[in-house]
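Asker: fold the following for me, if possible:
(2 chains)
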Amino acid sequence: MTTTPAQTSAPTDEVRVRFCPSPTGTPHVGMVRTALFNWAHARHHGGKLIFRIEDTDAARDSEESYHQLLDAMRWLGIDWDEGVEVGGPDGPYRQSQRADIYQGVIAKLKDAGHIYESYSTAEEISARHRAAGGDPQLGYDGFDRDLTDEQKSAYRAEGREPTWRLRMPDTDLTFTDLVRGEITFKAGTTPDFVVVRANGQPLYTLVNPVDDALMRITHVLRGEDILSSTPRQIALYRALIDIGVAERVPEFGHLPYVMGEGNKKLSKRDPQADLFLYREQGFVPEGMVNYLSLLGWGYSADEDIFSRQQLVERFTAEDVNPNPARVDIKKATAINADHIRLLPEADLSERLIPYLQHGGVLGETVTPEQRALVSAATPLVQTRMNLLGEAPDLMGFLFTADEDLVVQDDALKKLGDDPVAVLERAISEVEAVPTESFTAAPLEGVLREAIVEDLGIKPRLAFGPLRSAISGRRISPPLFESMELLGKPSSLARLRALRDRLATAR
RNA sequence: GCCCCCAUCGUCCAGCGGCCUAGGACACCGGCCUUUCACGCCGGCGACACGGGUUCGAAUCCCGUUGGGGGUACCA
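Answerer: Predicted structure coming up:
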């Protein structure tokens, strides 16, 4: 067959990678890591990322899952050049819409004799192995490879419809894996496999390489779980090259597993696998991208906090480590915390708002005053949180009406010998501070002098009762800054409230 | 069973024949700073699975053992 080079034909040295998930369930971190590495590889080499959806399994695929996939990619900033939503020269990009394309390829494969009809049932195959004294579990034995027309007619007369199998070459199959080096599968260890069901529908085994070929994919970076199906794909590629559908066999790179605790692969049910759970808890995409990159790859010998841009600058598939990686929530959280600290204040305070709303600290509509308070409080909490979801707990007291402030039991303990006296003194000092200079530094100066110097109480005990009164907590953002944000009337009201409560209890 | 992959601190990553008395990060344990908590800083604990080769020299190369994992579908 003669192929007319398409106008859109890409330069032969262009790197073209793809991400091709099945839309089943919620996005899984292992899958997202695969998307990320493909993206980083494409961007590093100035190539293209193609985003295709493998929805050939109507029973398991869902539209909801498809939208979650888009959401996940966008959240993490993994953009694609061709594919669903954006289109491209090789569409459509959902396999459910490509049936005609596959039928055309199947016809050519049949004509060229690369695939043949097979009537053997699983039972018949194992029966033959048993009869030959072999393990009945053994795979397909090539029984139908050279069926005569008479034999085929006889099967059809029984009402049997054939599957179609690819004729595997009787040679070793070797390829150089981008992450693992040279890998050889011995001749005869991969049986002829089914590419078309008896009902005429193509299987993943056919459709995946066909689309990669048609989309001119140059590098296939995918999970280690399909490493063993690579020889089948290479054999199919050769057949596709022969019939003019493929230009070449792409390079393969098999990324290590992402594991949970112990030696279990992260299962879909595992909460650690659910990308959106990380987002709900307050992971920022920068932190997530950073952490995910560390699952099988390293930025440098002594740094592991980096930006998306830095990832792109350094990432190559060849540097990916072949051994499985385990998800470590603590490390992920620590990395996220670093990225939160790296955020400009204004950016962070904007990101905090949805979490404050979710935590009930802010309502559905946020007033300009509330927004201003969030901004002002942001520097107080930036080094104190690991996850954005901690914001309501950390900042809630600033948004609570004085009369609604709950002083936690914990905050009532270890307040020193005479917290009431401390509070009394603090109240009179604070009353004397003019409203216009009600800011952290003067407040600290005045209170320190009165309580620490004058009353001779150690700072630790001197400010404990005030902290409890102001924040309701034993642990809180810095005291004087908090008082400044609350303002004079509110600060005084809270100090008085705790004084009264403790005095009554005495 | 057969085929394939993997093997450095508890975990992740660095190391790709001499720079290694093995480096960084998280976690953990001390300490400093300090109005609490964090941040930051200083220090500590802690690994080349085992056995053979090759080499002047091996965490690095080869073989084997052991231990993990995956595949062996008319799923993807």
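Asker: C-alpha only now, for contacts and for neighbours.
Answerer: Noted.
Asker: quick one: contacts for residue A:164?
Answerer: Residue A:164 is in contact with A:115, A:116, A:117, A:118, A:194, A:195, A:196, A:197, A:198, counting by CA atoms under 8 Å, 6 or more residues apart in numbering.
Asker: for the spatially closest residue to residue A:396 that is not a sequence neighbour, grab the count of nearby residues.
Answerer: Counting by CA to CA, 6 or more residues apart in numbering, residue A:361 is the residue found nearest to residue A:396 once chain neighbours are left out, at 5.8 Å. Close neighbours of residue A:361, defined as other CA atoms under 10 Å, add up to 20.
Asker: ok so, going back, buried subset of the contacts of residue A:164 as a PyMOL selection?
Answerer: Of the contacts of residue A:164, the buried ones go into a single PyMOL selection, burial set by 16 or more other CA atoms under 10 Å:
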select buried, chain A and resi 115+116+117+118+194+195+196+198
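Asker: isn't there a helix covering the residue nearest to residue A:396?
Answerer: No - according to DSSP: H, G, I helix; E, B strand; the rest coil, the state of residue A:361 is coil, so it is not within a helix.
Asker: what's the pLDDT at it?
Answerer: In this model, residue A:361 is scored at 97, pLDDT.
Asker: and the closest residue to residue A:31 other than its chain neighbours, which of the three is it?
Answerer: Closest residue in space to residue A:31, ignoring its immediate chain neighbours: residue A:21 at 7.7 Å, by CA to CA, 6+ apart. What three-state DSSP gives for residue A:21 is coil.
Asker: how about residue A:21, what does it touch?
Answerer: If you count contacts by CA under 8 Å, 6+ apart, residue A:21 has them with A:31, A:52, A:53, A:54.
Asker: pick the one among those residues closest to RNA strand B.
Answerer: Taking CA to the nearest atom of the strand as the measure, RNA strand B sits nearest to residue A:54 out of the contacts of residue A:21, at 4.7 Å.
Asker: how many neighbours does the closest one have?
Answerer: One way to gauge burial is a neighbour count; for residue A:54, by other CA under 10 Å, it gives 21.
Asker: if I look at the nearest residue to it once chain neighbours are set aside, how far off is residue A:151?
Answerer: For residue A:54, the nearest residue in space outside its immediate sequence neighbours is residue A:22; the separation is 4.7 Å by CA to CA, 6+ apart. Here residue A:22 is placed at a distance of 38 Å from residue A:151 (CA to CA, to the nearest Å).
Asker: thinking again about what came up before, which one of the contacts of residue A:164 is nearest to residue A:484?
Answerer: Among the contacts of residue A:164, residue A:195 lies closest to residue A:484 (CA to CA), at 71.0 Å.
Asker: the residue nearest to residue A:105 when sequence neighbours are not counted: helix or strand, and which one exactly?
Answerer: Distance criterion CA to CA, 6+ apart; nearest residue to residue A:105, sequence neighbours excluded, is residue A:245 at 7.6 Å. Secondary-structure assignment from DSSP states H and E places residue A:245 in no helical or strand segment.
Asker: who's in contact with the residue nearest to residue A:119 when sequence neighbours are not counted?
Answerer: With CA to CA, 6+ apart as the criterion, residue A:119 has its nearest non-adjacent residue at 4.9 Å, and that residue is residue A:162. The neighbourhood of residue A:162, defined by CA under 8 Å, 6+ apart, consists of A:117, A:118, A:119, A:197, A:198.
Asker: now with 10 Å, please.
Answerer: For residue A:162, the contact set (CA atoms under 10 Å, 6 or more residues apart in numbering) comprises A:116-121, A:152, A:155-156, A:196-200.
Asker: circling back to that earlier point, how near is the residue nearest to residue A:31 to residue A:90?
Answerer: Counting by CA to CA, the separation of residue A:21 from residue A:90 is 17 Å.
Asker: may I have the phi/psi pair for the nearest residue to residue A:33 once chain neighbours are set aside?
Answerer: Nearest residue to residue A:33, sequence neighbours excluded (CA to CA, 6+ apart): residue A:292, at 5.8 Å. Main-chain dihedrals, residue A:292, degrees, to the nearest 10: phi -60, psi -40.
Asker: same thing with residue A:254?
Answerer: Backbone geometry at residue A:254, expressed as degrees, to the nearest 10, gives phi -100, psi 120.
Asker: and if you look at residue A:326?
Answerer: The phi and psi torsions at residue A:326 (degrees, to the nearest 10) take the values phi -100, psi 140.
Asker: residue A:403 now?
Answerer: Per-residue torsions, residue A:403: phi -70, psi -10 (degrees, to the nearest 10).
Asker: for residue A:384, same thing?
Answerer: Residue A:384 has phi and psi values of phi -110, psi 0 when expressed as degrees, to the nearest 10.
Asker: can you give me the helices in the stretch 401-506 of chain A?
Answerer: Counting by DSSP state H, counting those that start in this stretch, one finds helices in the stretch 401-506 of chain A at the ranges A:419-432, A:440-447, A:459-471, A:479-486, A:488-505.
Asker: give the buried residues for the last one.
Answerer: Along helix A:488-505, the positions that meet the burial threshold by neighbour count (16+ other CA under 10 Å) are A:488, A:490, A:491, A:492, A:493, A:494, A:495, A:496, A:497, A:498, A:499.
Asker: what's the closest non-adjacent residue to the fourth one?
Answerer: The reference is to residue A:492. Once flanking residues are discounted, residue A:492 sits nearest to residue A:427: 6.4 Å by CA to CA, 6+ apart.
Asker: how about the residues of the stretch 301-450 of chain A near RNA strand B?
Answerer: The stretch 301-450 of chain A has residues A:301-304, A:319-328, A:330-332, A:334-335, A:338, A:383-385, A:444 near RNA strand B, with proximity defined as CA under 7 Å from any atom of the strand.
Asker: any of these buried? List them.
Answerer: Judged by neighbour count, with 16+ other CA under 10 Å as the criterion, the buried members of these are A:320, A:321, A:322, A:325, A:326, A:327, A:332, A:334, A:335, A:338, A:384, A:385.
Asker: the third one: what's it in contact with?
Answerer: Contact partners of residue A:322, counting by CA under 10 Å, 6+ apart, are A:178, A:179, A:180, A:181, A:224, A:253, A:254, A:255, A:256, A:257, A:296, A:297.
Asker: quick one, phi/psi of the first one?
Answerer: Dihedral angles phi and psi of residue A:178 (degrees, to the nearest 10) take the values phi -60, psi -30.
Asker: just the contacts of residue A:21 that are near RNA strand B?
Answerer: residue A:54.
Asker: strands - which of the contacts of residue A:21 land there?
Answerer: With strands taken from DSSP state E, there is no overlap with those.
Asker: out of the contacts of residue A:21, which is most surrounded?
Answerer: Across the contacts of residue A:21, the neighbour count under other CA under 10 Å reaches its highest value at residue A:52, namely 24 neighbours.
Asker: surely it and residue A:98 touch.
Answerer: No - with contact defined as CA atoms under 10 Å, residue A:52 does not count as touching residue A:98 (11.3 Å).
Asker: near the residue nearest to residue A:105, how many other residues are there?
Answerer: 21.
Asker: go on, residue A:432?
Answerer: When neighbours are defined as other CA under 10 Å, residue A:432 has 10 of them.
Asker: distance of it from residue A:425?
Answerer: 11 Å.
Asker: now do residue A:386
Answerer: Residue A:386 sits 36 Å away from residue A:425, taking CA to CA as the criterion.
Asker: who's more crowded, those two?
Answerer: A direct count of neighbours by other CA under 10 Å for residue A:386 and residue A:425 places residue A:386 higher, at 25 against 16.
Asker: quick check: closest non-adjacent residue to that one.
Answerer: By the measure of CA to CA, 6+ apart, the closest residue to residue A:386 outside its immediate chain neighbours is residue A:337, 4.1 Å from it.
Asker: contacts for the helix or strand where the one you found lies next, please.
Answerer: Element membership of residue A:337 [criterion: DSSP H and E] is helix A:329-342. With CA under 10 Å, 6+ apart as the test, helix A:329-342 has contacts from A:260, A:272, A:278, A:282-292, A:294, A:304-307, A:347-348, A:379, A:381-388.
Asker: many thanks, I have nothing further to ask.
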